[in-house]
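[1] Generate a structure from the sequence data that follows.
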Amino acid sequence: MNAPIDVSFFARAAKPITSYRPYWAKRFGVAPFLPMSRAEMEQLGWDSCDIILVTGDAYVDHPSFGMAVVGRVLEAQGFRVGIIAQPDWTSADAFKALGKPNLFWGVTAGNMDSMINRYTADRKIRSDDAYTPGDVGGKRPDRAAIVYSQRCREAFKDVPIVLGGIEGSLRRIAHYDYWSDKVRRSVVVDSKCDLLLYGNAERALVEVAHRIAAREPIEHITDVRGTAFVRRPNDPTAEGWIEINSTEVDMPGRVEDHINPYLTTSEQAQAQGATCSKEESPARPELVEGFTQAEAGASTGSARTEIGSVQTEAGSAQTEAGSAPKGMGAAIQPLKFVPNPALQGKRKPPARDRSVIRLPSYEQVRSDAVLYAHANRVLHLETNPGNARALVQAHGEGSTARDVWINPPPIPLTTAEMDFVFDLPYARSPHPAYADEHGRHDGATKIPAWEMIRFSVNIMRGCFGGCTFCSITEHEGRIIQSRSEESIIKEVEDIRDKVEGFTGVVSDLGGPTANMYRLGCKTPEIEAACRKSSCVYPGICSNLHTDHGPLIKIYKRARELRGIKKVLIGSGLRYDLAVKSPEYVKELVQHHVGGYLKIAPEHTEGGPLSKMMKPGIGSYDRFKQLFEKFSEEAGKKQYLIPYFIAAHPGTSDEDMMNLAVWLKKNGFRADQVQTFYPSPMATATAMYHSNLNPLKGIHRDERAERVDIVRGDKRRRLHKAFLRYHDPNNWPLLREALKTMGRADLIGNGKHHLIPTFQPMTDGSYQSARRKNSTPVVGKAVVGKTGGAQPGKGRLLTQHTGLPPRDTGSGKRKPR
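    The predicted structure is shown next:
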């Protein structure tokens, strides 16, 4: 059964992006590539650009690159769009290359946050950049969104600046900055942009572009969902909003109705004349699981007051039940909780669409980590487009005082709109300006990020996993937006027929996750009302539709197309969902795995997993059983490759030791180690900064849950060393740590020991799956005919030690 995506609350709530009257410049037609020079503009017959996009990535005209999508969507609306890619930011000259834009600048740091792109998790500068021709680093500045915005303002002062991209999305409020180890202001303030569009912004972008084209001042555009902007005090456009003060924790405020702890969710709904059943009428929003938390600004103070009244009523009920005459055989009744009559009619909540929550100010969260965690928690509670409220955060005091106003998230695109976006006339290759002397893009000027997705198809957006270390939900949202089967198959056929170098292997049919296509709530009303941050933690929600049938159908149809040898799945697999559909696992394992499949348990221990909001290792074990069963049925020798995170908040040294023991017991030797990277606005980053767990509520007393944070280079190195327990370079550090922990029993030369007692001669080298992260010792590497380092005798140079090379189905088999 297909999820009711196109009949949901969201499908009815927004104007379709295809319904706008095209701008007059549509008469110029479609450009083969969006122009990057005056010469290209002249060839198209343009005297100017209506909109100029500035990006930190090389321009690749492919739907996996944000600027290409934005540019083509605007072009389809009739606007003339130019692109300035990776400009020289040391002056404003490069920003004048295409002249003055008629309507506005569109600025983004690129597909990645510029700081994450430029620095490792250990704050070391990277020497490579996968979004640059030749994989060359240093082609974009630190905090590119701010720098580019400043240069655009310098080039043409009176042209509005619209900021977007993931860097803007994740920095829309005051945020902890890992690289400077302090809380920074909202990027709206630092960049001085006129408007920030966060998330996948096609809907907001199209509306804003047409309103600016209609000569509406950009400072008047304050009602578009998915936007953020600066408001000065006493701004008349803010009149009519009901402000909810959430600038402190533990302050009195409205709370939800008290829940009877002895009733299940379904029984609670039935007691109030509603139901949680999909087949019957939908539950009231406050009965939806996860919606019973106190509203932003609510506190224990009023909770105590009201609960006291409720207990009085319950006590009366108990007294009445207990005063039945003896001998009547009255049944023992449970305590009955009833509303306090004195409060009836006095607690009507304000209209959500006209409510704004005031977060603690920038100055407050900068100096108070508890308030920072509180603000982060409120932000994450207000992410569902169906019930989220606007947020406001003060920056500055006195004459510099202004509010950063954040409107609710954008309404997700419908399937028809997704098809429209992905069916636009993308060239599916880098701009010709990046070609080498042979006119090709696979030589010295190759762009690694394009090479990775060159033969892949994006089938959906969004993720409802809610992993605390990940920023997908904050950017794309947790409502899954899926393309139609026909649109996906058409793109596969276009790759087969039009993309140079295609060998018959599709590298991926996926998205943020491999197997959330067309999954969602069973009813649109529950979807619009839910306040949970994850649909799969601590277990899969009973209201979640988990049918993988539509995805299986696409897999089968794609692999049966003429000219398609193999369809691989490269996106991350949510295995706790996959085990709900053994038929899906069978199709995946027997037809779409090229030797090994990457999955991400992230850890084995309950402590860190609870802070990550990831399922227990038992889910991995269940998936592993199915994987091995179906691989054996197909007569294939295939491998599961689990990925783990070191140094995540909530991880103790003992947790990492237990993980290392698990790795050795199961025969895994990880070559690629992922260390926790505190990205802006992630819940795990709030834990890292505040030492508190926002998932459990924020308090200043003993009720607050403290989180063990892995700080300092020595402890971070230790956690990484446990993941690479097999590396002799790590043995001295591990021996010292195991002795300190009282686990010297793991040191020995037996199979049950973690590390040996002897220490071989080591050269300090480290071979990483990422080429430029490796640290070979000069003179030790063996250079092969291709010029690359070759494995030593008896070793395979693969992603994980001991695995055979991946079979993609494209290579010619050697004759036996």
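
[2] What's the separation between the spatially most central residue of the chain and Tyr372?
    When C-alpha atoms, centre = their mean is applied to the chain, the residue found nearest the centroid is Ile472 (0.8 Å). Between Ile472 and Tyr372 the distance, using C-beta to C-beta, to the nearest Å, works out to 22 Å. The C-beta positions use only the backbone N, C-alpha and C, and glycine is treated the same way.

[3] hang on, the earlier thing: what's near enough to touch the residue nearest to the centre of the chain?
    By C-beta atoms under 8 Å, 6 or more residues apart in numbering, Ile472 lies in contact with 462-463, 465, 512.

[4] quick one: the strands in the stretch 501-650 of the chain?
    505-506, 508-510, 520-521, 544-545, 566-567, 596-602, 639-646 (DSSP state E, counting those that start in this stretch).

[5] What of the stretch 351-500 of the chain?
    With strands called from DSSP E, counting those that start in this stretch, the stretch 351-500 of the chain shows them at 355-358, 390-395, 402-406, 429-430, 456-458, 460-461, 481-482.

[6] got the angle between the third one and strand 390-395?
    For strand 402-406 against strand 390-395, the angle between stretch directions is 150 degrees (axes from the mean of the first three to the mean of the last three C-alpha atoms, to 10 degrees).

[7] rewinding a little: taking the contacts of Ile472 as a set, which two sit the farthest apart in space?
    Spatially, the most separated pair among those is Gly462 and Gly465, at 10.0 Å (C-beta to C-beta).

[8] rewinding a little: closest to Pro22 out of the strands of the stretch 351-500 of the chain?
    strand 481-482 (24.0 Å).

[9] can you list contacts of that closest one?
    Surrounding strand 481-482, the residues in contact under the criterion C-beta under 8 Å, 6+ apart are 5, 200, 412-415, 418, 459-462, 517-518.

[10] redo that, cut-off 7 Å
    Outside strand 481-482, the residues that touch it by C-beta atoms under 7 Å, 6 or more residues apart in numbering are 5, 412-413, 415, 418, 459-462, 517-518.

[11] Check stretch 68-77 too.
    Applying C-beta under 7 Å, 6+ apart, the contact partners of stretch 68-77 are 20, 22-23, 30-31, 34, 51, 53, 60-63, 81, 83, 106, 202, 205-206, 209, 421, 424, 426.

[12] Quick one, which of these are buried?
    Of the members of the contacts of stretch 68-77, the ones counted as buried by neighbours, 16 or more other C-beta atoms under 10 Å, are 20, 23, 31, 34, 51, 53, 60-63, 81, 83, 106, 202, 205-206, 209, 421, 424, 426.

[13] So which of these are in helices?
    Judged by DSSP state H, the subset of the buried ones among the contacts of stretch 68-77 located in helices is 202, 205-206, 209, 421.

[14] possible to save those as CSV with pLDDT?
    Converted to CSV, those look like this (pLDDT from 0 to 100):
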residue, pLDDT
Glu202, 97
Leu205, 98
Val206, 98
Ala209, 98
Val421, 98
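
[15] Most widely separated two among those?
    Ala209 and Val421 (14.8 Å).

[16] circling back: what would the contacts of strand 481-482 look like in TSV with distance to Phe676 and neighbour count?
    Formatted as TSV, the entries for these read as follows, by distance: C-beta to C-beta, whole Å; neighbours: other C-beta atoms under 10 Å:
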residue	distance to Phe676	neighbour count
Ile5	34	23
Pro412	29	27
Leu413	32	25
Thr415	36	18
Met418	33	23
Ile459	29	26
Met460	27	26
Arg461	25	23
Gly462	24	25
Tyr517	29	23
Arg518	32	25
